[in-house]
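Student: here are the coordinates; sequence isn't available:
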């Protein structure tokens, strides 16, 4: 689990660098779409971005930023596969993973998705860009990262709950007062206390016998004079 958390942290750091260059990313898409004579349809899939980079990108700066987007998507996809092997999970965690897998599919249409607060990626676009062209592509990575973070948080709480519950059940099943050692120790203690009381009573009787004062006899009086 710690390795997964560290991997996601590194991806988030790379995404922050990418997010700072969102304007360059949008301009790179604009130029490559123009080269591809594909200005009508919105950017709707990872495959489409890959195609722009491989076949219609003639600028090193554009190629670098487009490649950065694709690289982060690939890292998230690989991490998603690792999450499946970390823990079998349940319906909640499996649903989060399935959501990530669908979004990261190369041919998945993400035109309609929008990242909301606290993410401001859509707000940085013009109204036309946000509605029709780039709202989905800039929302993809933050939405997936949020889902993976939610998965990790949920699994940590779930595992911690199971561990604490198991410890509580273990303590409840073997209370100290009912352990065999406690039962065996109780009997000798009782016998020992009884013998101590008997010895104390015997010593007390001996002490009284040895230290009891002799009864004083009444003084002698002549007969007839009382």
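Tutor: That came in fine, so what should we check first? Just so it is clear, the model here is predicted, and its values are computed rather than measured. Numbering: from 1, shown residues only.

Student: which stretches of the protein form helices?
Tutor: For the chain, the helices defined by DSSP state H cover 2-19, 22-35, 46-55, 60-86, 91-103, 127-128, 135-173, 180-211.

Student: wait, residue 80 sits on residue 97?
Tutor: Yes: the pair residue 80 and residue 97 qualifies as a contact (Cβ atoms under 8 Å) at a distance of 6.3 Å. Yep, even glycine has a C-beta here, placed from its N, CA and C like the rest.

Student: of these two, who's got more company?
Tutor: More crowded of residue 80 and residue 97, by other Cβ atoms under 10 Å: residue 80, with 21 against 17.

Student: now that one: how far from residue 72?
Tutor: Remark: distance between residue 80 and residue 72 (Cβ to Cβ, to the nearest Å) = 13 Å.

Student: Next: residue 121.
Tutor: To residue 72, residue 121 is 13 Å away according to Cβ to Cβ.

Student: And for residue 108?
Tutor: Distance from residue 108 to residue 72, by Cβ to Cβ: 16 Å.

Student: Between the two, which is the more surrounded one?
Tutor: In terms of neighbours (other Cβ under 10 Å), residue 72 is the more surrounded of residue 108 and residue 72; the figures are 20 against 16.

Student: how about that one, what does it touch?
Tutor: By Cβ atoms under 8 Å, 6 or more residues apart in numbering, the residues touching residue 72 are 11, 14-15, 18, 141.

Student: In ChimeraX, select just the buried ones from these.
Tutor: The buried subset of those, as determined by 16 or more other Cβ atoms under 10 Å, is captured in ChimeraX by this line:
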select :11,15,18,141
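
Student: Is it possible to get TSV of the contacts of residue 72 that adds pLDDT and distance to residue 33?
Tutor: Shown next, in TSV, are these (pLDDT from 0 to 100; distance: Cβ to Cβ, whole Å):
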residue	pLDDT	distance to residue 33
11	98	27
14	97	24
15	98	23
18	97	19
141	98	20
